[in-house]
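K.L.:
sequence and predicted structure are below.
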Amino acid sequence: MNNKTNLLKETLTDLQANNKTTNDVYWVGSRDGLFVINWESFELIAEKTDYYSGYGAQEIARDLVVVGLNWWLERHEYDGAESWRFKTMPKMAKEWDPFNNVLGNSLKEIGKRCCDNCDAYNNASCRFHVQAACPTYCCLEWEARW
(Lines give C-alpha, C1' and ligand atoms only; values in the text may rest on other atoms or scores of the structure.)
Protein backbone atom coordinates (compact mmCIF):
# COMPACT_ATOMS: atom_id res chain seq x y z
CA MET A 1 0.00 0.00 0.00
CA ASN A 2 1.42 3.37 -1.07
CA ASN A 3 0.93 6.05 1.59
CA LYS A 4 2.76 8.71 -0.42
CA THR A 5 1.18 11.79 -1.95
CA ASN A 6 2.49 13.13 -5.23
CA LEU A 7 2.92 16.90 -4.98
CA LEU A 8 2.00 17.56 -8.63
CA LYS A 9 -1.20 15.49 -8.46
CA GLU A 10 -2.13 17.12 -5.14
CA THR A 11 -1.51 20.60 -6.57
CA LEU A 12 -3.49 19.94 -9.75
CA THR A 13 -6.38 18.53 -7.69
CA ASP A 14 -6.44 21.63 -5.49
CA LEU A 15 -6.28 23.96 -8.48
CA GLN A 16 -9.18 22.13 -10.14
CA ALA A 17 -11.21 22.11 -6.91
CA ASN A 18 -10.96 25.91 -6.91
CA ASN A 19 -11.77 26.33 -10.62
CA LYS A 20 -8.17 27.16 -11.54
CA THR A 21 -5.84 25.66 -14.13
CA THR A 22 -2.09 25.78 -14.59
CA ASN A 23 -2.69 28.65 -17.04
CA ASP A 24 -3.94 30.70 -14.06
CA VAL A 25 -0.63 30.31 -12.19
CA TYR A 26 1.67 33.36 -12.36
CA TRP A 27 4.57 31.97 -10.33
CA VAL A 28 5.58 29.42 -7.70
CA GLY A 29 8.00 30.12 -4.90
CA SER A 30 8.48 31.28 -1.35
CA ARG A 31 5.82 33.34 0.42
CA ASP A 32 8.22 36.29 0.71
CA GLY A 33 8.89 36.21 -3.05
CA LEU A 34 12.66 35.78 -2.69
CA PHE A 35 12.64 32.38 -4.47
CA VAL A 36 10.55 32.16 -7.64
CA ILE A 37 10.11 29.76 -10.57
CA ASN A 38 7.50 29.46 -13.31
CA TRP A 39 4.84 26.75 -13.39
CA GLU A 40 6.75 24.60 -15.90
CA SER A 41 9.82 24.44 -13.65
CA PHE A 42 7.69 23.66 -10.61
CA GLU A 43 5.85 20.94 -12.53
CA LEU A 44 9.15 19.12 -13.18
CA ILE A 45 10.04 19.25 -9.47
CA ALA A 46 6.56 18.39 -8.17
CA GLU A 47 6.13 15.48 -10.59
CA LYS A 48 9.01 13.59 -8.94
CA THR A 49 8.15 14.69 -5.37
CA ASP A 50 6.29 12.07 -3.36
CA TYR A 51 5.84 12.65 0.35
CA TYR A 52 3.91 11.33 3.31
CA SER A 53 1.11 13.84 3.93
CA GLY A 54 -0.17 12.16 7.10
CA TYR A 55 0.72 12.99 10.68
CA GLY A 56 4.40 13.32 11.49
CA ALA A 57 7.11 15.72 10.38
CA GLN A 58 6.26 18.23 7.66
CA GLU A 59 8.14 17.37 4.47
CA ILE A 60 7.24 20.07 1.93
CA ALA A 61 8.66 23.57 2.44
CA ARG A 62 6.21 25.43 4.67
CA ASP A 63 6.67 28.73 2.79
CA LEU A 64 5.89 27.26 -0.65
CA VAL A 65 3.12 29.12 -2.53
CA VAL A 66 1.47 28.82 -5.93
CA VAL A 67 0.34 32.30 -6.94
CA GLY A 68 -2.28 33.60 -9.36
CA LEU A 69 -4.18 36.85 -9.78
CA ASN A 70 -5.79 37.65 -6.40
CA TRP A 71 -5.44 34.04 -5.16
CA TRP A 72 -2.77 31.64 -3.97
CA LEU A 73 -2.24 28.16 -2.59
CA GLU A 74 -0.20 27.96 0.59
CA ARG A 75 0.99 25.01 2.60
CA HIS A 76 -1.00 24.14 5.70
CA GLU A 77 0.20 21.87 8.45
CA TYR A 78 -1.42 20.48 11.57
CA ASP A 79 0.63 18.05 13.66
CA GLY A 80 2.61 17.21 10.54
CA ALA A 81 -0.42 16.42 8.37
CA GLU A 82 0.07 18.77 5.45
CA SER A 83 -1.87 19.96 2.43
CA TRP A 84 -2.63 23.02 0.32
CA ARG A 85 -5.00 25.78 1.46
CA PHE A 86 -6.61 27.99 -1.19
CA LYS A 87 -6.60 31.69 -0.30
CA THR A 88 -8.07 34.71 -2.03
CA MET A 89 -7.34 38.39 -1.71
CA PRO A 90 -9.82 39.90 0.76
CA LYS A 91 -12.22 42.36 -0.83
CA MET A 92 -13.42 45.54 0.83
CA ALA A 93 -17.21 45.83 0.86
CA LYS A 94 -18.83 48.74 -0.98
CA GLU A 95 -20.42 49.75 2.31
CA TRP A 96 -18.15 49.25 5.30
CA ASP A 97 -17.85 50.38 8.90
CA PRO A 98 -14.77 51.49 10.80
CA PHE A 99 -13.72 49.76 14.02
CA ASN A 100 -11.81 50.88 17.09
CA ASN A 101 -11.18 47.61 18.91
CA VAL A 102 -9.60 44.27 17.99
CA LEU A 103 -10.25 42.30 21.19
CA GLY A 104 -12.88 39.61 20.68
CA ASN A 105 -13.84 36.68 18.45
CA SER A 106 -14.16 38.60 15.19
CA LEU A 107 -14.31 42.14 13.85
CA LYS A 108 -17.83 41.37 12.65
CA GLU A 109 -18.95 40.76 16.25
CA ILE A 110 -16.87 43.60 17.69
CA GLY A 111 -18.03 45.99 14.98
CA LYS A 112 -21.65 45.46 15.98
CA ARG A 113 -20.98 47.11 19.32
CA CYS A 114 -21.69 50.80 19.40
CA CYS A 115 -18.72 51.88 21.48
CA ASP A 116 -16.24 50.75 24.13
CA ASN A 117 -18.62 51.80 26.93
CA CYS A 118 -21.22 49.10 26.36
CA ASP A 119 -22.15 46.03 24.37
CA ALA A 120 -25.03 47.69 22.52
CA TYR A 121 -25.20 47.08 18.80
CA ASN A 122 -26.12 50.61 17.68
CA ASN A 123 -26.38 54.20 18.94
CA ALA A 124 -30.14 53.98 19.47
CA SER A 125 -29.83 51.29 22.13
CA CYS A 126 -26.48 52.32 23.60
CA ARG A 127 -26.88 53.45 27.20
CA PHE A 128 -23.79 55.68 26.88
CA HIS A 129 -25.17 57.54 23.88
CA VAL A 130 -28.69 57.83 25.29
CA GLN A 131 -27.31 59.13 28.59
CA ALA A 132 -25.16 61.63 26.72
CA ALA A 133 -28.24 62.87 24.89
CA CYS A 134 -30.28 62.98 28.10
CA PRO A 135 -27.83 63.37 31.02
CA THR A 136 -30.60 63.69 33.61
CA TYR A 137 -32.09 60.35 32.54
CA CYS A 138 -35.47 61.99 32.23
CA CYS A 139 -36.32 61.33 28.64
CA LEU A 140 -38.99 58.76 28.00
CA GLU A 141 -37.05 57.38 25.10
CA TRP A 142 -34.16 56.41 27.39
CA GLU A 143 -36.48 54.88 30.02
CA ALA A 144 -38.34 52.89 27.38
CA ARG A 145 -35.12 51.30 26.22
CA TRP A 146 -33.70 50.53 29.69
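P.N.:
In hand now; what should we look at? Note that this is a predicted model, so its numbers are computed, not measured. Residues are numbered from 1 along each chain as shown.
K.L.:
can you name the next helix or strand after the helix or strand containing residue 9?
P.N.:
Of the helices and strands defined by DSSP states H and E, residue 9 is found in helix 7-17. Counting by DSSP H and E, the element after helix 7-17 in chain order, helix or strand, is strand 25-30.
K.L.:
and the contacts of that next one?
P.N.:
15, 35-39, 41-42, 61, 63-69 (CB atoms under 8 Å, 6 or more residues apart in numbering). Every C-beta, even on glycine, is put in place using the N, C-alpha and C of the backbone.
K.L.:
tell me which two of those residues sit farthest apart.
P.N.:
61 and 69 (23.0 Å; CB to CB).
K.L.:
kindly provide the distance from residue 30 to residue 45.
P.N.:
Separation of residue 30 from residue 45 (CB to CB, to the nearest Å): 14 Å.
K.L.:
quick one: the strands in this protein?
P.N.:
4-6, 25-30, 36-37, 50-52, 64-68, 71-78, 81-88 (DSSP state E).
K.L.:
reformat these as TSV; add mean pLDDT.
P.N.:
As requested, the strands of the chain are exported to TSV (pLDDT from 0 to 100):
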stretch	mean pLDDT
strand 4-6	94
strand 25-30	97
strand 36-37	97
strand 50-52	91
strand 64-68	97
strand 71-78	93
strand 81-88	92
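K.L.:
single out the most deeply packed of those.
P.N.:
strand 64-68 (a mean of 20; mean count of other CB atoms under 10 Å).
K.L.:
the inter-axis angle of it versus strand 25-30?
P.N.:
160 degrees (axes from the mean of the first three to the mean of the last three CA atoms, to 10 degrees).
K.L.:
on that earlier part again, so which elements touch the helix holding residue 9?
P.N.:
Helices and strands touching helix 7-17, by 3 or more CB pairs under 8 Å, 6 or more residues apart in numbering; DSSP states H and E, are helix 39-47, strand 71-78, strand 81-88.
K.L.:
would you turn those into a markdown table with distance to residue 97?
P.N.:
Formatted as a markdown table, the helices and strands packed on helix 7-17 follow (distance: least, CB to CB, whole Å):
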| stretch | distance to residue 97 |
| --- | --- |
| helix 39-47 | 40 |
| strand 71-78 | 26 |
| strand 81-88 | 22 |
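K.L.:
quick one: closest of those to residue 5.
P.N.:
Of all the helices and strands packed on helix 7-17, strand 81-88 comes closest under CB to CB, at 8.5 Å.
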